[in-house]
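K.L.:
here is a sequence together with a model predicted from it:
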Amino acid sequence: MSEKVLHYNQPALQGALQIPGDKSVSHRSIMLGSIAKGVTTVEGFLLGDDCLDTIACFKKLGVEIHVEGTNVKIESPGIDGWSEPSEVLYTGNSGTTTRLMLGILSGTNVHVIMTGDSSIAKRPMKRVVEPLRLMKADIRGRADGQYTPLAIQGTTLQGIDYKMPVASAQVKSAILLAGLRAQGTTIVREEVVSRDHTERMLQQFGVQVDVADGVVTLEGQQQLTATHVTVPGDISSAAFFLGAGAIVPNSEIVLKNVGINPTRDGIIDVLRAMDANIEVHINDEAVMEPTASIHISTSTLQGTTIDGALIPRLIDEIPLIALLATQAQGRTVIKDAEELKVKETDRIQAVVDELKKLGATIEATHDGMIIEGPTPLHGAKLQSYGDHRIGMMNAIAALLTEGAVTIDDVDCIAISYPAFFEHIDQLMK
Ligand SMILES: O=C(O)C1=C[C@@H](OP(=O)(O)O)[C@@H](O)[C@H](O)C1
Ligand SMILES: C=C(OP(=O)(O)O)C(=O)O
C-alpha cells in the first residue's frame, strides 16, 4: 500500500487528455471474444488491474490472449473447447469479472473455483446466484452462495423470465450470458435501465438480442461470431477530470474519446443541471458505443438533486459528484443510491467521512447524502479504503486545498485508471 502526499498549490488545469478505455466494455470484449470461436481483436483496451484479472481468468480456461499496448488479440477454441482449469480463477477486486463469469461458467461443461480479494469476499453474489439457480445452475459458496470463494459446476441451463429486483448491469449481464447457453428463451425485465454494453456487444458478435422498454429478450444456444471491438474511452474515468475542470480555478480542459452511451452519461446531465460550462461534441453516433470530445471550464456550480432513473446512469461517479457539490452554491441531495453500500467499500460512508475530514458540510442518509456548499476545503490525511474511486475523489480534492492532502493508498487507482496521476501532471504543465 503506497501513501502519497499531494500538495498541488491550486494549479490551473489546461490542455487535452485522451481518455483511456472503458472498463465495462474492456471486460466484455475479453468475455465475448473468449466465448466466440476464432480470432477477436480489440483496440483501445483498458490496461487496468480489473481487466487484466479478467484476461488471466480466460487464459486459465485455455483461451490464448495477447496484449500489445492497448490492442488485444483473443484466439479462442470457443466456449465448448475451454479446458477445466487446475487452478482457482482469481477475480481480484472486480465485481464485474466475478458476477459475469458466474453467468458464463454456469452453462459450460467445466468445473471452476473462483475467488477474489478481501473486498470481493464481502460483496453480495446471491443477486446473481439466485436467478442463475432458477436457471438450474450448480453454484456453491459461503453463506449458501452469497460470498466468494464460489464453486461452479457447469451444466445444462434453462431459460428464465426474470424481473430485476435491483438496477444492476452485472446481474442483468450474468443472466443474459447464461441465457446464451440455455435451452429456451431468456427475458430480463428492468424497472430502471442499467448500462447496456452487454446487449450492444452481443449484437456486435452476431447474437439476436431484442431490447424494448426495459425488456431484454434472447433465444438460447446462439453462437457468437468473432469480430473486432473498438473500446470507447471510459466516462467514469473522464468524470474525475470533468469535475476537476469545473471546480479548479482558471481551468479549461478538453477530454477526447469519451464514451457517451446514453445508459452511462448521467454525469453530463448533472454537470448541465449544476450550470457547468460544458460542451459535448459527438464524434460518430452510428457506432455501437458512441464517443465525444467534451470541453469543460471553471464554472460557478449550483446545487442539484440526483435520484431515480438517473442513479444507474452515474452510479460510479457519485463520489466525484459529492466533491463537486461541496463547491456548488446551495444544497445537493443524492438519493435512491443504496447500491453504493455494496461497491468496493461502502461508498456513502467513505465519501462522507473523507469529505468531512477536508472541511465539507455533508451528511449520510440511508440511501445517499446531503451536501451544503460552497465550503473551502483544507488539507487532511485521507483514506481510500482500497477503493479506486474514493482514491481518485481524494486526489481531485487535493487540487483545491492550500494544505497538503495525504492519501493512504494510491495503488488501488490502477484498478480503473493507471494513468490517472500522469494525466493530472499533463494538465498542470
Ligand atoms: O456491468 C458493469 O460493467 C458495471 C456495473 C455497475 O455495477 P452494478 O451492476 O453492481 O450496478 C458498475 O458500478 C460497475 O462499475 C460496472
Ligand atoms: C463498482 C465498480 O466496479 P466492480 O463492481 O466491477 O468492482 C467500479 O468500478 O466503481
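P.N.:
Yep, that arrived. Numbers count the residues shown, from 1 in each chain. Ligands and ions are numbered 1, 2, ... in the order given.

K.L.:
how about the strands of the stretch 101-250 of the chain, start to end?
P.N.:
111-115, 138-141, 147-153, 161-163, 185-189, 209-212, 215-219, 228-230 (DSSP state E, counting those that start in this stretch).

K.L.:
right, and those strands - which one's nearest ligand 2?
P.N.:
If you check each of those against ligand 2 by C-beta to the nearest ligand atom, strand 147-153 wins as the nearest, at 12.4 Å. C-beta here means a position set from N, CA and C on the backbone, and glycine is covered the same way.

K.L.:
need the strands of the stretch 101-250 of the chain in TSV (columns: mean neighbour count).
P.N.:
Shown next, in TSV, are those (neighbours: other C-beta atoms under 10 Å):
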stretch	mean neighbour count
strand 111-115	19
strand 138-141	17
strand 147-153	19
strand 161-163	15
strand 185-189	19
strand 209-212	14
strand 215-219	19
strand 228-230	18
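
K.L.:
which residue packs closest to the residue of the stretch 201-350 of the chain found nearest ligand 2, ignoring adjacent ones?
P.N.:
When scored by C-beta to the nearest ligand atom, the stretch 201-350 of the chain has Asp316 as its residue closest to ligand 2, at 3.9 Å. Using C-beta to C-beta, 6 or more residues apart in numbering and skipping residues adjacent in sequence, the residue nearest Asp316 is Ser236, 4.5 Å away.

K.L.:
I figured that neighbour hits Pro319, correct?
P.N.:
No - in this structure, Ser236 is not within contact of Pro319 by C-beta atoms under 8 Å, at 10.5 Å.

K.L.:
which of those two has more neighbours?
P.N.:
Legend: neighbour count by other C-beta atoms under 10 Å for Ser236 and Pro319, higher for Pro319 (28 against 24).

K.L.:
helix or strand: which one has that one?
P.N.:
Using DSSP states H and E, the element containing Pro319 is helix 318-326.

K.L.:
helices or strands up against that helix?
P.N.:
Applying 3 or more C-beta pairs under 8 Å, 6 or more residues apart in numbering; DSSP states H and E, one finds that helix 318-326 contacts helix 235-247, helix 266-273, strand 330-334, helix 347-357, strand 361-365, strand 368-373, helix 388-397.

K.L.:
mind exporting the C-alpha coordinates of it to CSV?
P.N.:
Output of helix 318-326 as CSV, limited to C-alpha atoms (Å, rounded to 0.1, in the frame of the first residue of the first chain):
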residue,chain,number,x,y,z
ILE,A,318,-21.2,9.7,-7.2
PRO,A,319,-18.0,10.1,-5.1
LEU,A,320,-16.9,12.8,-7.6
ILE,A,321,-20.3,14.4,-7.8
ALA,A,322,-20.3,14.7,-4.0
LEU,A,323,-17.0,16.5,-4.2
LEU,A,324,-18.4,18.9,-6.8
ALA,A,325,-21.4,19.6,-4.6
THR,A,326,-19.0,20.8,-1.8
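
K.L.:
and for that helix, what's in contact with it?
P.N.:
The set of residues external to helix 318-326 that reach it, using C-beta atoms under 8 Å, 6 or more residues apart in numbering, is 239-240, 243, 246-247, 267, 270-271, 274, 301, 303-304, 306, 314, 332, 334, 337, 340, 347, 350-352, 355, 358, 360-362, 369, 371, 373-375, 377, 389-390, 392-393, 396-397.

K.L.:
ditto for stretch 272-283
P.N.:
Contacts with stretch 272-283, where a contact means C-beta under 8 Å, 6+ apart, come from 242, 246, 257, 260, 268, 271, 290-304, 324, 328.

K.L.:
drop anything exposed from the residues you listed.
P.N.:
Among those, those that count as buried by neighbour count (16 or more other C-beta atoms under 10 Å) are 242, 246, 257, 260, 268, 271, 290-299, 301-304, 324, 328.

K.L.:
among these, which are located in helices?
P.N.:
Under the assignment DSSP state H, the buried ones among the contacts of stretch 272-283 contribute 242, 246, 268, 271, 324 to helices.

K.L.:
make CSV out of those and add pLDDT.
P.N.:
As requested, these are arranged in CSV below (pLDDT from 0 to 100):
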residue, pLDDT
Leu242, 98
Ala246, 98
Ile268, 98
Leu271, 98
Leu324, 98
